[in-house]
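> Here's a sequence, model it:
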Amino acid sequence: MRFFNDHNPLPLIAQLRDRFGDKLTFTYRQTHPELTVIDISVTDESATSRNKHAEGGCCGSCG
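As a prediction, this is how the structure comes out:
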């Protein structure tokens, strides 16, 4: 999702990080006094789990 705002929304980002943790990534695309543009992406946890198993590790869902 691309987020446009007239200021840097640090309190909102903090709330989203508290709620979703590492499931979201925030990439600043533009920062100006009148406009901040941030891309918010959802991390694919299933791909992370597959990668850990491929490397011989465990994602923690094996039981």
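> Just the pLDDT at Ser46, thanks.
Looking at Ser46, its pLDDT is 57.
> Tell me where the model's unsure across the protein.
For the chain, the stretches with pLDDT under 70 are 45-63.
> How are the strands of it distributed by residue range?
According to DSSP state E, the chain carries its strands in the segments 2-5, 24-32, 35-42.
> Now mean neighbour count and distance to Ala14 too, for those, in CSV please.
The C-beta positions use only the backbone N, C-alpha and C, and glycine is treated the same way. Putting the strands of the chain into CSV (neighbours: other CB atoms under 10 Å; distance: least, CB to CB, whole Å) gives the following:
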stretch, mean neighbour count, distance to Ala14
strand 2-5, 11, 14
strand 24-32, 11, 11
strand 35-42, 14, 13
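> what's the closest of the ones you listed to Pro11?
Ranking these by proximity to Pro11 (CB to CB) places strand 2-5 first, at 11.5 Å.
> And the closest one, what does it pack against?
Taking 3 or more CB pairs under 8 Å, 6 or more residues apart in numbering; DSSP states H and E as the contact definition, the neighbouring helices and strands of strand 2-5 are strand 35-42.
> contacting residues around Arg29?
Each residue near Arg29 by CB atoms under 8 Å, 6 or more residues apart in numbering is listed here: 2, 37-39.
> sorry, back to before: with distance to Arg17 as extra columns, can I get the strands of the chain in CSV?
Output for the strands of the chain, formatted as CSV (distance: least, CB to CB, whole Å):
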stretch, distance to Arg17
strand 2-5, 14
strand 24-32, 7
strand 35-42, 11
